[in-house]
Structure formats: C-alpha cells, structure tokens
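[1] generate a structure from the sequence data that follows.
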Amino acid sequence: MPKKSRRDPPLDRVDFPYMKDGHGRYAPLVYFQAWTGHHWLYLQAYVDSGASWSVMHLDVAQLLGIPLSRTSKRFIELGDGNVLPVYLAKIRVRFAGQEFLVPAGFSEALRTGFNMMGRAGFFDRFLMTFNDRSRVLTATRFSARR
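    Numbering: from 1, shown residues only. Next up is the predicted model:
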C-alpha cells in the first residue's frame, strides 16, 4: 500500500481547468490516480454531478488488477431509462491532493468516450463548483468531520 509523504500538506482547494472533449467542447474533465497494487495509474474522467456512482470502462478494472469474479454485479438505471450492468469494487484514488477509497463501477457497456466520476466517495469529501463561464471546476476539501 502506498504511503503518503509527511511533506505533502493537504490542499484545501484545487482548480481544474476544463479540457476539450472528443467533440472539441470544453467539459469538466479531470485527471486522478488509481492504485493498481503496485503503482499509481493516471486516469481521466468527466465529473458528473448527476451520477451517483463513478463508472469506468471495463479495461480499467483489468489495468487496476481487479478480479471481476470477486466483485458484485449490479444494474444502474441511467437518466434516459436504459440500464447499465456494472461490476462494483472499491478503489484507492488520489484526487485534489487527497488519498481515499471510492466505490466504482466497471462496465463493458459504457458507451461514452470517457470514464465518469460520480458523487459517491468524491462529493462527500469535496465541494465541487462548476464554473462553465470560466471553464473551471473547483474542488474544495471539506474541513475535518465532527
């Protein structure tokens, strides 16, 4: 398991400039890291405040070394009424200067050109502010829990 350096103070706020998506439009796409068991892997995801769960392409589970036989298969209903089969697992991530576990789904039926970062595990740690006019997503860390 990776160790956090004592020299790295926690960040209270991180700005992520929007990046262009596959259609050339600016979108809240961010990079984060996921632990493979041996090293950190950089991943990109679209921050989706309407998604309950983070969902990634099935090949990401393979890159992270997640044995799908040890995960639970669920069916998530999408906003358009379609159902997406996902394999749920907890993964260790680094995002906005913090390291923590998040639930994530992995699906071969994800038809977007990017991974999706949903609310579970992220939005309870950070206030996510979308500024479409300035094309910036700001992640502000919540203070320590009471």
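[2] and after the longest strand along the chain, which helix or strand comes next?
    Scanning the chain for the longest strand, with DSSP state E as the assignment, gives strand 83-95. Moving toward the C-terminus from strand 83-95, the next helix or strand (DSSP states H and E) is strand 98-107.
[3] any idea of the mean pLDDT for whatever helix or strand comes next after that next one?
    Stepping forward along the backbone from strand 98-107, the first helix or strand reached (DSSP H and E) is strand 115-117. The average pLDDT within strand 115-117 is 94.
[4] return the list of helices and strands in contact with strand 115-117.
    Under the contact definition 3 or more C-beta pairs under 8 Å, 6 or more residues apart in numbering; DSSP states H and E, strand 115-117 sits against strand 40-47, strand 54-57. For the C-beta atoms, the positions are set from N, CA and C on the backbone; glycine is no exception.
[5] residue ranges with poor pLDDT in the protein?
    1-11, 144-146 (pLDDT under 70).
[6] ok, now how distant is the residue nearest in space to the middle of it from Val83?
    With distances taken as C-alpha atoms, centre = their mean, Met117 lies nearest the centre of the chain, 3.6 Å away. Met117 sits 21 Å away from Val83 when distances are taken as C-beta to C-beta, to the nearest Å.
[7] perfect, I'm done here.
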